[in-house]
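Undergrad: quick one, fold the following:
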Amino acid sequence: MTRYSTIPTHLDLPLLETAVLERWRRERTFERSVAQRADAPLYAFDDGPPFATGLPHYGHILTSYMKDVVPRYFTMRGRRVPRRWGWDCHGLPVEYEVEKEHGLSGRGDIVSMGLGHFTEACRSLVLRYADEWERIVTRLGRWVDFGDAYKTMERSYMESVLWAFGRLHELGLVYEGNKVVPYCIRCQTPLSNFEAGLDDAYRPRTDLSCVVKFRLFDDSTASLLAWTTTPWTLPSNVALAVNPALDYVEFVTGAERVWVAAHAAERFPHLTTAARTAKGRELVGLRYVPPFPYFSSTPNAFVVLSADFVSADEGTGVVHLAPAFGEDDETVCREAGIAGPQPILDDGTFARDVADFAGINVLEASPEIVSWLTQHGLVFEQSEYVHDYPHCWRCDRPLIYRAVRSWFVRVTVLKETLLAHNRHINWVPEHIRDGRFGQWLENARDWAISRNRYWGTPLPVWRSEKGEVRIFSSVKELENRVGRKIDDLHRHYLDDLTFEEEGMLFKRIPEVFDCWFESGSMPYAQNHFPFENEEETKKAFPADFIAEGIDQTRGWFYTLTILSTALFNQPAFNIHVYVL
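TA: Alright, predicted model coming up:
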């Protein structure tokens with residue numbers, strides 16, 4: 001008797017694949033591979049949640065193979081390896097799709113539609129392609145548990161997010177502040193600094209740049225020259241900055257004299273007659289006439305300040321400062337006691353304060369502003385400038401940097417601990433640890449976690465008319481305070497809930513969480529920790545294995561690391577991290 005059947009001369013591979021998949025389904029091979037190892041040591045795998053608002057692409061397929069191969073390997077080594085699927089449900093991706101589907105354009109149209117209707121439209125759309133995802137991922141031969149998938153829009157998951165925020169508040173690691181952050185005019189909301197730094201967020205953009213004359217207050221024939229690629233920020237100018245250690249040269253050009261850094265002068269070949277030189281520190285304190293009249297009464301303003309970040313590598317070696325639109329600008333001006341005006345409305349248009357340009361979108365205003373400056377004899381040079389410019393990673397519109405009121409996680413105070421945890425992570429490839437991820441942590445900034453949007457976990461913050469706040473870390477706490485049962489935690493259920501305390505009426509603030517805060521809460525929120533499954537969660541945390549594309553070093557890997565460090569003082573993953 002032969003041990004093997006005859007080898008066929010023709011092999012139908014697609015038919016063989018479907019036969020194997022059918023056998024796995026019929027015999028529940030994957031489920032049994034986990035159940036039969038119930039008492040075996042756990043190998044914890046965390047799966048990053050995708051959005052189901054579109055179909056899987058090449059990146060999802062590539063990471064799926066790694067997410068399948070490694071758990072299979074450790075299963076064969078005798079480990080128990082649960083593989084739970086998850087869905088990222090909230091945030092701008094879903095809102096943007098609903099807006100397109102319903103012909104909406106921005107927040108005004110959403111308000112007209114009604115918050116409840118819009119939210120329910122988001123809920124109905126969010127898993128539209130879930131069946132297709134399951135079909136495609138299964139067809140790839142990947143073993144994963146779709147039946148017990150976690151969803152970031154579920155009440156239990158959202159409550160864990162509330163707990164995380166409440167715990168951060170108890171630890172003094174969250175605060176409300178007014179800071180310069182990336183801002184999307186189309187979505188009318190701030191973004192995180194890392195969202196503006198995602199690989200696919202930058203693309204070439206041509207802007208009108210100009211070199212502007214800032215005439216000295218005591219000598220109208222002398223000017224400091226400053227170059228900018230964002231002329232729309234010039235109406236908000238309140239100071240100039242020079243590097244105290246650089247050499248600066250005053251050149252004679254016709255009846256005028258202009259100052260530029262010595263190393264920048266070669267970019268202006270028509271500047272040939274040097275009158276005198278000075279160190280940057282000698283120019284500090286000079287006063288100048290504001291190029292625009294709108295904020296001329298700003299206290300302590302229109303003066304040359306010292307700033308080490310100023311370079312002569314581009315431009316003139318003199319930087320114009322508009323604190324409401326630049327992080328470095330804000331820092332330098334604040335230290336000098338100068339408050340910057342903020343004449344830009346939420347929709348990205350100039351307010352009435354800037355009379356000549358009121359109502360104009362700032363990203364379209366530069367030509368008119370340069371024309372105005374030219375008419376007043378203040379443009380030294382102008383040209384088109386092509387540079388990589390950040391775009392909203394959801395609606396693909398250009399971003400601006402703008403000072404807004406937001407809630408932040410104090411990432412900067414955690415930096416040394418974040419770096420220490422990073423050294424214990426086994427990154428594959430290894431250079432990610434000290435390279436891309438380590439360098440990103442070295443420059444970590446506080447994380448803006450609130451969004452002026454609708455479809456997301458609401459911030460559990462209630463504020464009185466006097467500005468006092470109450471923060472709730474659980475549904476039970478909130479139910480006890482408002483005196484009613486809460487079955488759904490979305491905005492249209494919470495926004496009308498109020499309570500009185502010591503004669504003060506408390507109302508919820510309108511912001512929702514950054515969806516990255518929600519996905520970064522996944523290791524514990526998927527189990528409704530700490531309200532249940534506490535032991536199960538602690539056994540699986542930190543994870544032994546996660547795998548995503550390299551862009552997630554500034555996305556999911558980053559938010560996982562911040563929250564696990566802040567909440568548990570340990571990394572979120574510690575054995576194998578594969579970056580593809």
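Undergrad: wait, W455 touches D88, no?
TA: No: using C-beta atoms under 8 Å, W455 is not in contact with D88; the gap is 11.8 Å. Every C-beta, even on glycine, is put in place using the N, C-alpha and C of the backbone.
Undergrad: which residues does the most centrally placed residue in the chain contact?
TA: For the chain, the residue nearest the mean C-alpha position is S192 (2.4 Å; C-alpha atoms, centre = their mean). Contacts here follow C-beta atoms under 8 Å, 6 or more residues apart in numbering; on that basis S192 touches 181-182, 447-449, 514, 516.
Undergrad: thinking again about what came up before, okay, W455 and D88: which has more neighbours?
TA: W455 (28 against 23; other C-beta atoms under 10 Å).
Undergrad: quick one: residues contacting that one.
TA: For W455, the contacting residues are 90-91, 94-95, 98, 118-119, 122-123, 490, 512, by C-beta under 8 Å, 6+ apart.
Undergrad: what does the pLDDT read for S297?
TA: With respect to pLDDT, S297 scores 94.
Undergrad: check the offset of the longest helix along the chain from the chain's centre.
TA: When the chain is parsed with DSSP state H, its longest helix is helix 58-76. Centroid separation for helix 58-76 versus its chain: 28 Å, with C-alpha atoms, centre = their mean, to the nearest Å.
Undergrad: got it, and stretch 166-180?
TA: Distance, centroid of stretch 166-180 to centroid of chain: 16 Å (C-alpha atoms, centre = their mean).
Undergrad: just checking, P530 touches K538?
TA: No: look at P530 against K538 with C-beta under 8 Å: they stay out of range, at 9.7 Å.
Undergrad: if you count what's nearby, which of those two comes out ahead?
TA: More crowded of P530 and K538, by other C-beta under 10 Å: P530, with 16 against 13.
Undergrad: what's the closest non-adjacent residue to the more buried one?
TA: Counting by C-beta to C-beta, 6 or more residues apart in numbering, P530 lies nearest to W163, which is 6.4 Å off, once chain neighbours are set aside.
Undergrad: and that neighbour, how far is that from A261?
TA: Between W163 and A261 the computed distance is 53 Å (C-beta to C-beta, to the nearest Å).
Undergrad: with R83 instead?
TA: Taken as C-beta to C-beta, the span from R83 to A261 is 58 Å.
Undergrad: okay, those two: which has more neighbours?
TA: Taking neighbours as other C-beta under 10 Å, R83 and A261 compare with A261 leading, 23 against 20.
Undergrad: I'd like the average pLDDT over stretch 489-499.
TA: Stretch 489-499 carries an average pLDDT of 96.
Undergrad: now what about it, what contacts it?
TA: By C-beta under 8 Å, 6+ apart, the surrounding residues in contact with stretch 489-499 are 115-116, 119, 123, 153, 155, 158-159, 162, 454-455, 457-458, 462, 475, 478, 481-484, 486-487, 505-508, 510, 512.
Undergrad: same question, stretch 95-111
TA: Residues from elsewhere that reach stretch 95-111 (C-beta under 8 Å, 6+ apart): 53, 113, 118, 121-122, 125, 186-188, 346-347, 394-395, 452-455.
Undergrad: not counting its neighbours along the chain, what's nearest R397?
TA: Excluding the flanking residues, the one nearest R397 by C-beta to C-beta, 6+ apart is R186, at 4.2 Å.
Undergrad: burial measure for H320, as a count.
TA: H320: 25 surrounding residues under other C-beta under 10 Å.
Undergrad: my read is it is in a strand, agree?
TA: Yes: assignment of H320 by DSSP: H, G, I helix; E, B strand; the rest coil places it within a strand.
Undergrad: I figured it hits F214, correct?
TA: Yes: assessed by C-beta under 8 Å, H320 is found in contact with F214 at 7.4 Å.
Undergrad: can you list residues touching both of these two?
TA: Counting by C-beta under 8 Å, 6+ apart, the contacts common to H320 and F214 are 226, 240.
Undergrad: what about I546, which SS state?
TA: Under the three-state scheme (three-state DSSP), I546 adopts strand.
Undergrad: burial measure for it, as a count.
TA: Neighbours of I546 under the rule other C-beta under 10 Å: 28.
Undergrad: beta partners for it?
TA: Judged by DSSP bridges, the bridge partners of I546 are V577.
Undergrad: find the nearest non-adjacent residue to L127, please.
TA: A52 (5.0 Å).
Undergrad: tell me which residues touch that neighbour, please.
TA: A52 makes contact with 87, 89, 126-130, 133, according to C-beta under 8 Å, 6+ apart.
Undergrad: and those, which is closest to A324?
TA: Distance to A324 across the contacts of A52 (C-beta to C-beta) is lowest for C89, with 34.0 Å.
Undergrad: ok, so what distance separates P390 from L399?
TA: Where L399 is concerned, P390 sits at a distance of 5 Å (C-beta to C-beta).
Undergrad: give me phi/psi at G337?
TA: The phi/psi pair for G337 (degrees, to the nearest 10) reads phi 70, psi 30.
Undergrad: confidence score at it?
TA: 96.
Undergrad: and for R3?
TA: Predicted confidence (pLDDT) for R3: 68.
Undergrad: can you count the residues close to R397?
TA: Here the number of neighbours of R397 (other C-beta under 10 Å) works out to 13.
Undergrad: phi, psi for it please.
TA: Dihedral angles for R397 - degrees, to the nearest 10 - are phi -90, psi 150.
Undergrad: any idea how far it lies from N361?
TA: Look at R397 and N361: by C-beta to C-beta, they are 11 Å apart.
Undergrad: give the residues shared as contacts by these two.
TA: Residues touching both R397 and N361 (C-beta under 8 Å, 6+ apart): I185.
Undergrad: so which bits of whichever strand or helix holds T537 are buried?
TA: Applying DSSP states H and E as the criterion places T537 in helix 534-539. By 16 or more other C-beta atoms under 10 Å, the buried positions in helix 534-539 come out as T537.
Undergrad: model confidence over that helix, on average?
TA: Per-residue pLDDT over helix 534-539 has a mean of 94.
Undergrad: now stretch 306-313
TA: 95.
Undergrad: pull out the buried positions in it.
TA: Per 16+ other C-beta under 10 Å, stretch 306-313 contains these buried residues: 306-307, 310, 312.
Undergrad: could you list the low-pLDDT ranges of the stretch 151-300 of the chain?
TA: For the stretch 151-300 of the chain, the stretches with pLDDT under 70 are 197-200.
Undergrad: can you show me the helices along it?
TA: 155-170, 193-196, 280-283 (DSSP state H, counting those that start in this stretch).
Undergrad: switch those over to a markdown table; also include distance to A543 and mean neighbour count.
TA: Formatted as a markdown table, those follow (distance: least, C-beta to C-beta, whole Å; neighbours: other C-beta atoms under 10 Å):
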| stretch | distance to A543 | mean neighbour count |
| --- | --- | --- |
| helix 155-170 | 16 | 22 |
| helix 193-196 | 21 | 22 |
| helix 280-283 | 50 | 18 |
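Undergrad: just the CA coordinates of the longest strand along the chain, formatted as PDB?
TA: Longest strand of the chain, by residue count under DSSP state E: strand 202-216. Extracted in PDB, the C-alpha atoms of strand 202-216 (Å, rounded to 0.1, in the frame of the first residue of the first chain):
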ATOM      1  CA  TYR A 202       3.900  67.100   3.300                       C
ATOM      2  CA  ARG A 203       3.800  67.900  -0.400                       C
ATOM      3  CA  PRO A 204       5.200  70.600  -2.700                       C
ATOM      4  CA  ARG A 205       3.400  73.900  -2.600                       C
ATOM      5  CA  THR A 206       4.200  77.200  -4.400                       C
ATOM      6  CA  ASP A 207       3.800  80.300  -2.200                       C
ATOM      7  CA  LEU A 208       4.500  84.000  -2.800                       C
ATOM      8  CA  SER A 209       7.500  85.000  -0.700                       C
ATOM      9  CA  CYS A 210       8.800  88.500  -0.100                       C
ATOM     10  CA  VAL A 211      11.600  90.400   1.600                       C
ATOM     11  CA  VAL A 212      10.000  93.200   3.600                       C
ATOM     12  CA  LYS A 213      11.500  96.500   4.700                       C
ATOM     13  CA  PHE A 214      11.000  97.200   8.400                       C
ATOM     14  CA  ARG A 215      11.900 100.900   8.700                       C
ATOM     15  CA  LEU A 216      13.800 102.000  11.800                       C
END
